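Engineer: Give me coordinates for this.
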Amino acid sequence: MPPGWLWPLVRRMEADPTIGAVQPKLLQYHQRTHFEYAGAAGGFLDRFGYPFTRGRIFDTVEPDEGQYDDPGPIFWATGAAIMLRREALDRVGLLDEHFVLHMEEIDLCWRLQRAGYRIELVPESVVYHLGGSSLPRHDSRKTYYNFRNSLLLLYKNLPPAAWRRTFPVRVALDVLAFLRFVLLGKWGDAAAVVRAYRDAHRMRSFYRDQRPHNGEAVVLPPYRGSIALDYFLLRRRRFRELPARRFLNVWRQT
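Structural biologist: Numbering: from 1, shown residues only. Predicted coordinates:
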């Protein structure tokens, strides 16, 4: 860790009691000129539940050239380096143990926002992260947890009407992902997608009482486009190439 990395996070949390979580800028331990896959300069979510960050979209990781050094709101802070407000945790609870691995911090940050807290990046703080310790990058279990937990994330946090609109499109996108795995000969990943859907369906009963109720403030994923279509079809590989008009105003790019 660079000297003094902790104090910018502490000062920002102390300055604003409405902030529930902050994260530093996350760079690679072995290649410190580049963002780290797990969190980069703050996380976002598209309307269909696919996560991405400022500095990393799917497998494209950007060099850090100061392009995302503006502090401000993000949708989720990486679990690799996150500072949380104890009062907020007492209110919304801890990480969801049913997730096991992957996206549990996104769920927590979404719940914090549903409770009225904000999530921010504090780029004055920099942390170097040694990634891939939980599961190797190409392990099919990673595919399983990413797909399963993404579905649970949407079901748990979207208002029921928004879930019903979102789910059919999400299925279509995941069918395309399944076919891509098959064409690439990644049979373990293709099977993992099928298992993810099976198990997400079985696990929905855990969350029926945790879903947004009528009258509760609605918090939607901030990117109202599809990051998968942007990346694979339109070849938008960097965060700054994404259309600003597709971001909800509070998360609009600078």
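Engineer: Contacts for stretch 147-157, please.
Structural biologist: Stretch 147-157 has contacts (Cβ atoms under 8 Å, 6 or more residues apart in numbering) with 48-51, 98-99, 101-104, 106-107, 110-111, 114, 163, 166-167, 170, 174, 177, 192-193, 195-197, 199-200, 203-204, 207, 210-212, 219. C-beta: built from backbone N, CA, C; applies to glycine.
Engineer: which of these are buried?
Structural biologist: In terms of neighbour count (16 or more other Cβ atoms under 10 Å), the buried residues within the contacts of stretch 147-157 are 48-51, 99, 102-104, 106-107, 110-111, 114, 163, 166-167, 170, 174, 177, 192-193, 196, 199-200, 203, 207, 212, 219.
Engineer: which residues of the stretch 101-250 of the chain fall in helices?
Structural biologist: Counting by DSSP state H, counting those that start in this stretch, the stretch 101-250 of the chain has helices at residues 104-114, 140-157, 160-183, 187-203, 227-232.
Engineer: Please render those as CSV that adds mean pLDDT and distance to Arg240 to the earlier fields.
Structural biologist: Shown next, in CSV, are these (pLDDT from 0 to 100; distance: least, Cβ to Cβ, whole Å):
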stretch, mean pLDDT, distance to Arg240
helix 104-114, 97, 22
helix 140-157, 96, 24
helix 160-183, 96, 23
helix 187-203, 97, 29
helix 227-232, 96, 12
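Engineer: Of all those helices, which one comes closest to Gln67?
Structural biologist: helix 227-232 (17.9 Å; Cβ to Cβ).
Engineer: From the rest of the structure, what touches the closest one?
Structural biologist: With Cβ under 8 Å, 6+ apart as the test, helix 227-232 has contacts from 46, 48, 50, 52, 57-58, 60, 173, 176-177, 236-237, 241-242.
Engineer: Ok, stretch 30-40 next?
Structural biologist: Contact with stretch 30-40 is made by 23, 25-29, 41, 53-56, 61-64, 68, 77-81, 128-131, as judged by Cβ under 8 Å, 6+ apart.
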